[in-house]
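Visitor: how would this look folded up:
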Amino acid sequence: FHTTFREAAPLVIVPGFVTEQEGGRRVGDVRVYGVDDRFWAFHGVPPMGPADREALLSPVLARELNVQPGGTVLVRVQRPSDLPLESVHGRKNDLGRTLRLTVRAIVPSGAVGEFSLEAQQADVRAVFVPLARLQLELEVGDRVNTILVSANSEETRAAASLDDLVRRHATLDDLGLTLRTLDDRGLLTLGSRAGFLTDTQAAEAAEAGTRAGMSGTPVFTYLANTLRRGDREVPYSLVTAIDLGSLTPAIALPPERDTPAIVLNEWAAAELQAKAGDPLTLEYYLWEDPGQLVTRTAEFRVAGVVPVEAGDRNLVPDYPGITDSPTLAGWDPPFPVDLRRIRPADEAYWERYKTTPKAFVPLEAGQRLWRSRHGGLTSLRFVPPAGQSLDDARGQYAAQLATVVDPLAMGLVVRDVRADGVAASRGATDFGAYFVYFSFFLVVSAMLLAALFFKLGVEQRAREVGLLRAVGFGPAEVRRLFMLEGLVLGLAGSG
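Guide: Below is the predicted model:
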C-alpha cells in the first residue's frame, strides 16, 4: 500500500437534513460526514474534531440556517439496513435517527468546508459530525462506507493499483457475507447479512465449494403465518425449503406433478394431528410491488414426519426483532403479528428450540412461492471432505471463494475523484461545434435572403429591362448590367 499511496482516511457519508433548533429553519440535501482526526490529517489541515456532541458546518449551510457557533442543530439521517426494505423483513418505519449537536465552528472553504466527492459547481451543504457518534446512532458498529486514499505524486496508475488491492484484501464481511462453522452438524454455512443470497452470490459460492471439493446444499427459509390442517393450526412457524431427499431419504416423496410435499417435525405433526397423506395449508406474507404486504396461501400434502433434531436454528438467517427475541410474544417484526394467537405450547417450543424450522418443503416449491428479486436462497451449506477438520475446511473454502468472487462486482466501488472532477470541468458538450453550425446557418440564410431581394428588385424593374432591350441591348448585356449593379451594392453594403 505505502509504495503507491500516502494516506487513508475512513469516514461515513450519508444524506440528511438539518434543522436549526431555535428558529426552526430546515435545510435539505445536506451531506453528513462522520469524521475523525484522520480526515483532517488527510487534507493537511489542523485537527478540528468535532467532539462527541458537536458539529462543524459548511459556510453555505450555516448561512442558510442562520446559525452561529454555540447554536444547536438537529441532524436527521436515515439508518442503513442490511435487510432490503422491499422485503417482508425490511423495516420500513423508524428508519431515521436524529442527532442533537452543538455547532462548534464554521469550517472555512479553504479548510475543506466545501468538501464533496461529487463534481459540481453548486454550493455544498455539509455538516461534519464525530465518526464514532454517527456509527453509534446508525448502529453499524465500526463499519464505514467510504475510505479516502491519496496516491503518491509520481504514481500514474493509482486507480488500477487500488482496484487490485481491494480485490486481494476485501473480506467476506466487507461484502456482507457470513461464513460459519456448525460444529454439532459438521458443516459450513454461508449466508448474508441481507437475509438473501443473490443469484450471483449463490452461483459463485457454489463454484467455490466445487473447487474446494465440497458438496453444497442450498437452503431457503421463510416465515409462515399459519400451518393449518382442518380446524387445527400452528401460528408463526419457520419453514425451510431444501432438498428433501437429503433431509429425509427414507420418506417416499410424491411425484412433482402432484401437490408439493411437506415434511413436518414431530412437534408440528403432533400439534396438527397430521400424518402422511394429509393435506395442509400454508399461509404466508409476501411483499409485492408497488409496496404492498399481501397474504398468500399454498397447498401441500404431508409426506412424512421427522424428529425436531432433523433441523436446527442455524437454518434461519438473522432477522432483527425475531431471531434475537427471548420469547415468541416478544417478537417485534416489521409486519403485523397477532400475539393473541400464540399459545403456551408455542412459547415452550420457542424457549427450547428457538428458530428451528417446524416444516420442510422442496427447494423448487419454496423458491416458486417466496423468491424475490433479491434472491432465492438464504444460505448454502457445505460438507467438508472426509478427514478434514472444520477449521481447515473453512480456511480452504474462504480461499477458494476469494478467487471466485470479484468484490468490485459485489458493490464495492473504486473512484478516481480527481479524474472525475477534471472530466466534469471540461464540460460534457462541445459548444464550439454548435456555434460553427449556427454561424453556417446564418450565412446561408443571409445569402438566400439577399438573392430573393435581388430577384424581387429585378422583377419590379421589368419596364426598364424592356426599354433596354428596345434600344438594342441583348439578354447577356442586360444580365451583365444588373449583376454589376448588384456587385456594387453588395460591396457598398459589406463596407
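
Visitor: mind listing what's buried in stretch 464-477?
Guide: By neighbour count on 16 or more other Cβ atoms under 10 Å, the buried set for stretch 464-477 is 465, 468. To be clear about C-beta, it is placed using only N, CA and C from the backbone, and glycine gets the same treatment.

Visitor: and what of stretch 435-452?
Guide: Neighbour count says stretch 435-452 has no buried residue at all (16+ other Cβ under 10 Å).

Visitor: now stretch 382-395
Guide: Buried residues in stretch 382-395 (16+ other Cβ under 10 Å): 382, 383, 384, 390, 393, 394.

Visitor: Kindly report the same for stretch 278-295.
Guide: 278, 280, 282, 284, 285, 287.

Visitor: isn't residue 35 right up against residue 11?
Guide: Yes - applying Cβ atoms under 8 Å, one finds residue 35 in contact with residue 11, separated by 5.1 Å.

Visitor: The two - which one has more neighbours?
Guide: Legend: neighbour count by other Cβ atoms under 10 Å for residue 35 and residue 11, higher for residue 35 (25 against 20).

Visitor: Which residues does the more buried one form beta bridges with?
Guide: As for beta bridges, residue 35 partners with residue 130 under DSSP bridges.

Visitor: contacting residues around it?
Guide: If a contact means Cβ atoms under 8 Å, 6 or more residues apart in numbering, then residue 35 has 9, 11, 128, 129, 130, 131 as its contacts.

Visitor: Around the fourth one, how many other residues sit close by?
Guide: Per other Cβ under 10 Å, the neighbour tally for residue 129 reads 27.

Visitor: hmm, back to that, among the buried residues of stretch 278-295, which lie within helices?
Guide: Judged by DSSP state H, helices contain none of the buried residues of stretch 278-295.

Visitor: would you list the residues you listed in JSON lines and tack on pLDDT and distance to residue 16?
Guide: Compiled in JSON lines, the buried residues of stretch 278-295 are given as follows (pLDDT from 0 to 100; distance: Cβ to Cβ, whole Å):
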{"residue": "278", "pLDDT": "94", "distance to residue 16": "55"}
{"residue": "280", "pLDDT": "96", "distance to residue 16": "48"}
{"residue": "282", "pLDDT": "97", "distance to residue 16": "42"}
{"residue": "284", "pLDDT": "96", "distance to residue 16": "36"}
{"residue": "285", "pLDDT": "95", "distance to residue 16": "31"}
{"residue": "287", "pLDDT": "90", "distance to residue 16": "26"}
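
Visitor: ok, which pair from those is furthest apart?
Guide: 278 and 287 (30.0 Å; Cβ to Cβ).

Visitor: Next up, phi/psi of residue 232, please.
Guide: As for residue 232, its main-chain torsions (degrees, to the nearest 10) stand at phi -110, psi 140.

Visitor: Count the neighbours of it for me.
Guide: Around residue 232 sit 11 other residues, with neighbours defined as other Cβ under 10 Å.

Visitor: quick one: the strands in the stretch 201-350 of the chain?
Guide: Along the stretch 201-350 of the chain, the stretches classed as strands by DSSP state E, counting those that start in this stretch are 215-229, 232-242, 261-265, 279-288, 292-306.

Visitor: thinking again about what came up before, touching both of residue 35 and residue 11, which residues are there?
Guide: When contacts are counted by Cβ under 8 Å, 6+ apart, residue 35 and residue 11 are jointly contacted by residue 131.

Visitor: and residue 420, what does it touch?
Guide: With contacts defined as Cβ under 8 Å, 6+ apart, residue 420 is in contact with residue 119.

Visitor: Buried deepest among the strands of the stretch 201-350 of the chain, which one?
Guide: Ranked by average neighbour count under the criterion mean count of other Cβ atoms under 10 Å, the strands of the stretch 201-350 of the chain are headed by strand 261-265 at a mean of 26.

Visitor: hey, C-alpha coordinates of that strand in PDB?
Guide: Extracted C-alpha coordinates of strand 261-265, given in PDB (Å, rounded to 0.1, in the frame of the first residue of the first chain):
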ATOM      1  CA  ALA A 261     -44.800 -32.400  -0.400                       C
ATOM      2  CA  ILE A 262     -44.200 -31.000   3.000                       C
ATOM      3  CA  VAL A 263     -42.400 -32.800   5.900                       C
ATOM      4  CA  LEU A 264     -43.300 -31.800   9.400                       C
ATOM      5  CA  ASN A 265     -41.200 -32.300  12.500                       C
END
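
Visitor: quick one, it and strand 232-242 angle?
Guide: Comparing the axes of strand 261-265 and strand 232-242 via axes from the mean of the first three to the mean of the last three Cα atoms, to 10 degrees yields an angle of 110 degrees.

Visitor: Which elements pack onto strand 261-265?
Guide: helix 244-247, strand 279-288, strand 292-306, strand 359-362 (3 or more Cβ pairs under 8 Å, 6 or more residues apart in numbering; DSSP states H and E).

Visitor: Does the second one pack against any helices or strands, and if so which?
Guide: For strand 279-288, the elements it packs on are strand 215-229, strand 261-265, strand 292-306, helix 363-370, judged by 3+ Cβ pairs under 8 Å, 6+ apart.

Visitor: Next: the third one.
Guide: With contacts taken as 3+ Cβ pairs under 8 Å, 6+ apart, strand 292-306 sits against strand 261-265, helix 266-272, strand 279-288, helix 363-370.

Visitor: I'd like those written out as TSV, with distance to residue 241 added.
Guide: As requested, the helices and strands packed on strand 292-306 are arranged in TSV below (distance: least, Cβ to Cβ, whole Å):
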stretch	distance to residue 241
strand 261-265	10
helix 266-272	16
strand 279-288	11
helix 363-370	2
